[in-house]
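Novice: here you go, sequence then predicted model.
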Amino acid sequence: MAGIFVYSEDLALAGQLLTPALDLKRSLGQPVVALTADAASAAALAALGPDRVLVLEAGPASPEALAPALADLLQREGAQVVLVGGTLRGKHVAAHLAAVLDAGLASDAKALAPAEGGLGVQRILYGGLAVSEEVLAYPAVVTVQARTFLPPPPSAAEVAIAPQAVLADARVQVTRVEQAAREGVDIAASQRLVAVGRGFRTREDLDLAAGLAGALQADLACTRGIAEDEHWLPIERYIGISGQTVKPELYVAAGLSGQVQHLVGCREAKVIVAINSDERAPIFEAADYGIVGDLYQVLPLLTAALAR
Ligand SMILES: Cc1cc2nc3c(=O)[nH]c(=O)nc-3n(C[C@H](O)[C@H](O)[C@H](O)COP(=O)(O)OP(=O)(O)OC[C@H]3O[C@@H](n4cnc5c(N)ncnc54)[C@H](O)[C@@H]3O)c2cc1C
């Protein structure tokens, strides 16, 4: 018994985890097993090519309450690699699994491959300033953030979906689930973003950025200060180490300095365009195109040019 197991309470992320899992299967020759606590997601996961899908039947349990049962199951199955979606809850679960399995844990992996002595993992450190290469002895537990990998292409292979009775930790009970109120746009899914920073002097001035976003068919995003301190944009619009991670085709950064805590959330944008009046602003180091200038002049000109 052995296997490469993937688990996330987020269905999209669980699908993405199957990409490195299937890669590892090719080199380790072990089956890939997707775990889900949501019977409705099982078919979607099965269509992405794992060897098995196990539906954890534990009633309405939180991921954290499932962790002990999950650890028990993985131990019985002889899991060699456990990939867990790197959400906040996923990281709680991963830490628990690693402790029970007496396994090494690497968080926020960007790349995985078998190495001498175990599983080689590359991960980003210090908000993106360094890449760490580590080797975890098997069994290894690894968390992977959303959108690090694309999901694998659909597979037509017949996949066994089996129920798996597990006992959730009875000390934690889900009594009610309520969707967090969101204001509509999921910037993590946006292909074009115009991000604003403290270079804007008033809330009303954000109209300049909204105008450019309209011309580009982009959504508005921001730095932490704009959302948390000024409250000019909702909290879910801020990008960075403590905010959202985005991977759009185009990221226009206007009046933001590009400190590492911000950049870590947007550095994987395909094209970054920076507009800043300070030619030494760090955002220019990350940018593909830079305009050194006053945003109050540059944004209306850009918007007008795009509207032509
Ligand atoms: C633990 C920790 C976590 C953090 N997490 C995050 C995070 O997740 N996300 C995040 O964004 N930040 C985060 N921060 C804050 C981060 O360090 C920076 O302070 C923040 O990103 C800077 O925001 P800003 O670029 O809007 O402002 P500033 O750094 O003040 O930059 C404003 C920029 O606007 C330019 N500017 C001014 N006027 C104009 C003009 N008229 N035209 C053009 N340009 C102009 C200036 O030259 C300057 O570069 C975190 C900090 C800490 C300590």
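Specialist: Cool, got the structure. Residues are numbered from 1 along each chain as shown.
Novice: how about the residues of the stretch 151-300 of the chain near the ligand?
Specialist: Residues of the stretch 151-300 of the chain lying close to the ligand (CB under 6 Å from any ligand atom) are 197-199, 223-225, 238-243, 255-257, 259, 261-262, 265, 275-278, 281, 294-296. Bear in mind the C-beta positions are built from the backbone N, C-alpha and C, glycine included.
Novice: drop anything exposed from the residues you listed.
Specialist: Neighbour counting by 16 or more other CB atoms under 10 Å classes 197, 199, 223-224, 238-241, 243, 255-257, 259, 261-262, 265, 275-276, 281, 295 among those as buried.
Novice: among the residues you listed, which ones are in helices?
Specialist: Members of those lying in helices (criterion: DSSP state H): R224, Q261, H262, L295.
Novice: touching, the last one and F200? I think so.
Specialist: Yes. The pair L295 / F200 is scored as a contact, 7.3 Å apart, by CB atoms under 8 Å.
Novice: any shared contact partners between these two?
Specialist: The contact sets of L295 and F200 overlap at L208, A254, G255 (CB atoms under 8 Å, 6 or more residues apart in numbering).
Novice: could I get those as a markdown table with pLDDT?
Specialist: Converted to a markdown table, those look like this (pLDDT from 0 to 100):
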| residue | pLDDT |
| --- | --- |
| L208 | 98 |
| A254 | 98 |
| G255 | 98 |
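Novice: which parts of the stretch 201-308 of the chain are strands?
Specialist: Listed from the start of the chain, the stretch 201-308 of the chain has strands (DSSP state E, counting those that start in this stretch) covering 219-222, 250-254, 271-276, 289-292.
Novice: can I get these in JSON lines with distance to A98?
Specialist: Compiled in JSON lines, the strands of the stretch 201-308 of the chain are given as follows (distance: least, CB to CB, whole Å):
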{"stretch": "strand 219-222", "distance to A98": "34"}
{"stretch": "strand 250-254", "distance to A98": "34"}
{"stretch": "strand 271-276", "distance to A98": "35"}
{"stretch": "strand 289-292", "distance to A98": "43"}
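Novice: flag the shaky bits of the stretch 101-250 of the chain, pLDDT-wise.
Specialist: Residue ranges of the stretch 101-250 of the chain with pLDDT under 70: 127-128, 181-183.
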